[in-house]
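Asker: With the sequence up front, the predicted model follows.
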Amino acid sequence: MAAIAQGMVTNNGTHMQVGPVFNPASLFASSEKGVWYQPDDFTTLFTDTAGTTPVTAVEQPVGLMLDKSQGLVLGSEVLPALSTYSVVLTGTWAASGSDWVFTDTVGSQIRPGVNSGVTLTSGVWFKVQIEIASITGASEVRINGAGASAQLLGAGAHTFYVLGTGTDVVRIRLEDASTSVNDGFSISSFSIKAIPGNHAVAANGSTARPVLRNRYNSLLFSEQFDQGYWSKAADSAVSSNVANAPDGTTTADKLYSTADNPGRVRTQVTGLALTGNYVFSCYLKKSELNWARLSLAVSGAYDGAFFDLENGVLGSASSGYTATISSAGDGWYRCSVQANVSNADAVRIVLAESNGDDDLPPGSLNSGIYIWGAQLTTAADHDAINGEYQRIAAAPTVGAAPTYDDNPSKFPVYLYATTDDAMSTASIDFSGGDEMSVFAGVTKESDATTGMMVELSNTASIGSFRMAAPFGFGVANFYFQSGGTALSAATGTTFAAPATAVLTGLGAISTDQSLLRVNGAQAASNTGDQGTGNYGNYPLYLFSRNNSQSFVNGRLYSLIVRNALPTADELSGAETYVNSKTRAY
C-alpha cells in the first residue's frame with residue numbers, strides 16, 4: 001500500500017475529506033523515475049530559466065519549474081574550500097579576513113580568475129549559491145563551467161540553478177576589458193550542490209513562458225459598470241458607488257432609465273465568443289424596480305432568466321437555460337443564469353417591469369436597480385470555485401501585480417499556456433522499465449488544434465508516451481498513447497472544450513495496455529500491439545511537441561509522471577490528490 005499522511009483535502013470546495021491524505025512523494029519512494037510538478041507551490045517556480053528570480057505571485061511567467069519527485073533535498077558540497085582554488089592566467093588569490101580576494105596583476109589580461117578544478121556531472125542539476133562581498137575596478141564577475149551557462153554577477157548574494165554538462169570546470173573570473181590594474185573581487189562563500197529531479201525549463205526564457213494564474217472570472221471591471229467596457233443602451237445609464245455592496249463597501253452601482261418611456265434599459269458586454277456551458281451571474285438589489293433579467297445570448301437575443309428582487313424568487317427562463325437566486329443579505333441577491341451556448345456574443349443586465357416583460361412602461365424615468373459583482377465563467381470553473389465570486393478590475397498584465405482576487409484558497413492556481421508557451425526537461429532515462437503512469441489536472445480551452453499536454457520524446461518515437469487535450473483538429477477528446485516499437489492510443493471522445501479534468505494515462509508495453517481515465521473513471525482503453533522494449537531516454541515536453549508545435553491552449557494544475565503502474569490505493573490516492581488541486585469533480 002502506498003504511504004499516506006494525515007491531514008485534509010478540500011475537493012471541489014464543498015466536500016472535506018478528513019483523515020488519510022495521499023502524498024505523491026510516496027510514488028517515488030523506491031527510486032522510481034519520473035516527475036512531480038505542482039504549480040501552486042511557489043517555492044518551486046522561478047520567472048527565469050536560470051532560477052535567479054523566484055515567483056512570488058500569480059501573473060508572473062515561469063521559466064523554471066522544479067521537480068518535487070525526489071524531495072528537492074540538496075546533495076553534498078561539490079566544491080573544495082575557496083583556499084584551494086588555483087589562479088587562471090594571472091593574478092593573486094589570498095585570504096583577507098573571512099573573505100577570499102582575487103586581484104588581477106596584469107591589467108591587459110581579459111577575464112583572469114581562479115579555477116576550482118571541479119567538473120559538474122553531465123545531466124545533473126545543481127543549485128549554485130555565491131556571496132560576492134565586493135568588486136573593485138571590474139564591471140561584473142563571471143562564473144563559467146556551471147553547466148552550459150555563464151552567469152554575470154554583481155556584488156551581493158546570488159542563487160541560481162544549472163544543468164551540468166561535464167565539459168568544463170567551475171571557474172570564477174572577471175568580466176572586464178579594461179587595461180587598468182588592481183581589478184579584482186572578494187568572495188565570502190561559494191557553494192554548488194546537486195538538487196535531484198527532472199526540472200522543467202521554458203523553451204524561450206524571454207517570451208515563450210507559461211504564466212502562473214488563478215483567474216476564473218473572464219469579465220473585466222466586475223464592480224465598475226460605469227466603465228466603457230460595459231456599454232449602455234439608449235435611455236440607459238449607470239451611477240457609480242451609490243449604495244452599500246454585499247461586502248459592506250460603498251461600491252455598488254445603479255442601473256436606471258434616463259427616459260420617461262424607455263426601450264430596453266440595459267448594460268452589457270458584447271463582442272464575446274462563447275461556445276460551451278457557461279454561467280453568468282451578478283449581485284442584484286431592488287431600487288424603484290423589483291424585476292431584472294440576466295441574459296447570456298447570441299446576436300442581439302435576450303435569452304436568459306428573470307429574477308424577482310422583491311421576494312427573492314426565480315421568474316421564467318428561456319428554453320435550455322437554468323437559473324438560481326440566493327440571498328446575500330441586506331436585500332441583495334446573487335442571481336445566475338446558465339446555458340450551453342454556441343457562439344454567444346454578449347452578456348446583459350436588463351431592467352424589467354415584471355416576469356417575462358423587460359419593456360419598461362411610461363413613467364420609468366430614473367427607475368432602476370442596484371448592481372455589483374458581475375462574473376462570467378465556464379460551468380466547470382463555476383463548480384471548481386464553488387460559485388465563489390472573483391473580483392476583477394482591468395485586464396491583468398503579465399509580470400505586474402494581479403488585478404483580481406487571487407486568494408489561492410478560493411481560486412486554484414494553475415499554469416496557463418497558449419500560442420508558443422512550452423517547457424521541457426533534459427533526457428529522462430526510462431529505459432529500465434516498460435510501465436508508465438501519468439496523472440494530470442488540466443483544462444483545455446479549445447478543440448481547434450492538437451494540444452500536447454505532456455510527451456516523452458519529440459515525436460511518436462519508439463518507447464514513448466503522450467497525453468493530449470485534444471488530439472486532432474476540431475475533435476472533442478482527451479488522448480493517451482503508449483508504445484514500444486509500436487504505438488497504441490486510448491481516446492476519450494465525449495469531452496468538448498472548454499473542459500476541466502483529471503486525466504490518468506496508464507501504459508504497459510509488454511501487456512499492450514494503453515488506458516485513459518477521466519475524472520476517476522475509465523474513459524477509453526486500447527489493447528493493440530505496442531511491440532517490444534521499454535520506454536526510452538528522451539526529454540519530457542510540456543505544453544507542446546518538441547517546443548515547436550501542437551501548443552496547448554489551456555491550464556495545468558498538477559502533473560505526476562512515474563515509470564511504474566500504480567496499485568489500487570496509489571491510483572485512487574494520486575487521482576484524489578490531483579483533483580484536490582484541480583477541482584474537476
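Answerer: Here it is on my side, so go on.
Asker: By residue count, what's the longest helix in this protein?
Answerer: In the chain, taking DSSP state H as the definition, the longest helix is helix 568-582.
Asker: For it, output the C-alpha coordinates as PDB.
Answerer: Provided in PDB are the C-alpha atoms of helix 568-582 (Å, rounded to 0.1, in the frame of the first residue of the first chain):
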ATOM      1  CA  ALA A 568      -5.300   0.400  -6.500                       C
ATOM      2  CA  ASP A 569      -4.500   2.600  -3.500                       C
ATOM      3  CA  GLU A 570      -1.900   4.600  -5.400                       C
ATOM      4  CA  LEU A 571      -4.300   5.100  -8.300                       C
ATOM      5  CA  SER A 572      -7.100   6.400  -6.000                       C
ATOM      6  CA  GLY A 573      -4.700   8.400  -3.900                       C
ATOM      7  CA  ALA A 574      -3.000  10.100  -6.900                       C
ATOM      8  CA  GLU A 575      -6.300  10.900  -8.600                       C
ATOM      9  CA  THR A 576      -7.700  12.400  -5.400                       C
ATOM     10  CA  TYR A 577      -4.600  14.400  -4.800                       C
ATOM     11  CA  VAL A 578      -4.600  15.900  -8.400                       C
ATOM     12  CA  ASN A 579      -8.300  16.600  -8.100                       C
ATOM     13  CA  SER A 580      -7.700  18.500  -4.800                       C
ATOM     14  CA  LYS A 581      -5.600  20.900  -6.900                       C
ATOM     15  CA  THR A 582      -7.900  20.900 -10.000                       C
END
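Asker: buried sites along it?
Answerer: For helix 568-582, the neighbour count (16 or more other CB atoms under 10 Å) marks Glu570, Leu571, Gly573, Ala574, Glu575, Thr576, Tyr577, Val578, Asn579, Ser580, Lys581, Thr582 as buried. Every residue, glycine included, has its C-beta placed from N, CA and C.
Asker: do stretch 482-496 as well
Answerer: Buried residues in stretch 482-496 (16+ other CB under 10 Å): Ser482, Gly483, Gly484, Leu487, Ser488, Ala489, Ala490, Thr491, Gly492, Phe495, Ala496.
Asker: taking these one by one, which sit in strands?
Answerer: Members of the buried residues of stretch 482-496 lying in strands (criterion: DSSP state E): Ser482, Gly483, Leu487, Ser488, Ala489, Ala490, Thr491, Gly492.
Asker: Of those, which pair is most distant in space?
Answerer: The largest separation in those, counting by CB to CB, is between Gly483 and Gly492 at 18.2 Å.
Asker: one step back: from the ones in strands among the buried residues of stretch 482-496, which single one is nearest Phe280?
Answerer: Closest approach to Phe280 among those (CB to CB): Gly492, at 28.5 Å.
Asker: which residues does that closest one form a beta bridge with?
Answerer: Under DSSP bridges, the beta-bridge partners of Gly492 are Phe478.
Asker: isn't it right up against Asn526?
Answerer: No. Between Gly492 and Asn526 there is no contact under CB atoms under 8 Å: 11.3 Å.
Asker: Could you say which helix or strand holds the spatially most central residue of the chain?
Answerer: With distances taken as CA atoms, centre = their mean, the chain has Leu415 as the residue nearest its mean C-alpha position (1.2 Å). Per DSSP states H and E: Leu415 is located in strand 414-417.
Asker: Parallel or antiparallel, list what pairs with that strand.
Answerer: Sheet pairing of strand 414-417 (DSSP bridges) gives strand 211-213 (antiparallel), strand 554-562 (antiparallel).
Asker: will you turn the ones you listed into CSV that also has mean neighbour count, mean pLDDT and distance to Gly117?
Answerer: Converted to CSV, the strands paired with strand 414-417 look like this (neighbours: other CB atoms under 10 Å; pLDDT from 0 to 100; distance: least, CB to CB, whole Å):
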stretch, mean neighbour count, mean pLDDT, distance to Gly117
strand 211-213, 22, 98, 40
strand 554-562, 26, 98, 37
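Asker: Go through those strands and name the closest to Pro80.
Answerer: Relative to Pro80, the nearest member of the strands paired with strand 414-417 by CB to CB is strand 554-562, separated by 36.4 Å.
Asker: hey, C-alpha coordinates of the closest one in CSV?
Answerer: As requested, the backbone C-alpha atoms of strand 554-562 are provided in CSV (Å, rounded to 0.1, in the frame of the first residue of the first chain):
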residue,chain,number,x,y,z
GLY,A,554,-5.2,25.7,-21.5
ARG,A,555,-4.1,25.1,-18.0
LEU,A,556,-2.0,22.6,-15.9
TYR,A,557,-2.9,22.3,-12.2
SER,A,558,-0.7,19.3,-11.3
LEU,A,559,1.4,16.7,-13.1
ILE,A,560,2.8,13.4,-11.9
VAL,A,561,4.7,11.0,-14.2
ARG,A,562,6.1,7.7,-12.9
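Asker: Quick one: the strands in the stretch 151-300 of the chain, in order.
Answerer: Secondary structure of the stretch 151-300 of the chain (DSSP state E, counting those that start in this stretch): strands at 156-163, 169-175, 184-194, 200-202, 211-213, 231-232, 236-243, 252-257, 266-286, 291-297.
Asker: Val88 is nearest to which of these?
Answerer: Closest to Val88 of the strands of the stretch 151-300 of the chain is strand 169-175 (CB to CB; 5.9 Å).
Asker: Kindly check the end-to-end length of stretch 116-130 for me.
Answerer: Using CA to CA, to the nearest Å, the end-to-end distance of stretch 116-130 comes to 14 Å.
Asker: Give me the mean pLDDT for that stretch.
Answerer: Per-region confidence: stretch 116-130 scores 91 on mean pLDDT.
Asker: Low-confidence ranges, the stretch 101-250 of the chain, go.
Answerer: Applying pLDDT under 70 to the stretch 101-250 of the chain flags the ranges 107-110, 139, 145-150, 176-182.
Asker: Without its sequence neighbours, what residue ends up closest to Thr251?
Answerer: Leaving aside its sequence neighbours, Thr251 sits nearest to Ala245 (CB to CB, 6 or more residues apart in numbering; 4.7 Å).
Asker: Okay, buried residues for stretch 97-111 please.
Answerer: Asp99, Trp100, Val101, Phe102, Thr103, Asp104, Thr105, Gly107, Gln109, Arg111.
Asker: do stretch 310-328 as well
Answerer: So, applying 16+ other CB under 10 Å, buried residues of stretch 310-328: Gly312, Leu314, Gly315, Ala317, Ser318, Tyr321, Ala323, Thr324, Ile325, Ala328.
Asker: I'd like the residues you listed as CSV, with pLDDT and secondary structure appended.
Answerer: Converted to CSV, those look like this (pLDDT from 0 to 100; DSSP: H, G, I helix; E, B strand; the rest coil):
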residue, pLDDT, secondary structure
Gly312, 98, coil
Leu314, 98, strand
Gly315, 98, strand
Ala317, 98, strand
Ser318, 97, coil
Tyr321, 97, strand
Ala323, 98, strand
Thr324, 98, strand
Ile325, 98, strand
Ala328, 98, strand
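Asker: Let me see the ranges of the helices in this structure.
Answerer: Ranges of helices in the chain, per DSSP H, are 379-384, 568-582.
Asker: can you redo those helices as JSON lines with mean pLDDT and distance to Leu456?
Answerer: JSON lines is the format used below for the helices of the chain (pLDDT from 0 to 100; distance: least, CB to CB, whole Å):
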{"stretch": "helix 379-384", "mean pLDDT": "96", "distance to Leu456": "28"}
{"stretch": "helix 568-582", "mean pLDDT": "97", "distance to Leu456": "18"}
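Asker: Between those helices, which one is closest to Val35.
Answerer: Within these, the stretch nearest Val35 is helix 568-582; the backing value is 13.1 Å (CB to CB).
Asker: Quick one: distance of that closest one to the chain centre.
Answerer: On the basis of CA atoms, centre = their mean, to the nearest Å, helix 568-582 sits 19 Å off its chain's mean C-alpha point.
Asker: any idea of the angle that helix forms with strand 554-562?
Answerer: Helix 568-582 and strand 554-562 meet at an angle of 160 degrees, taking axes from the mean of the first three to the mean of the last three CA atoms, to 10 degrees as the criterion.
Asker: domain parsing for this protein?
Answerer: Split into domains by automatic domain parsing, the chain comes to 26-72+416-582, 82-195, 231-384.
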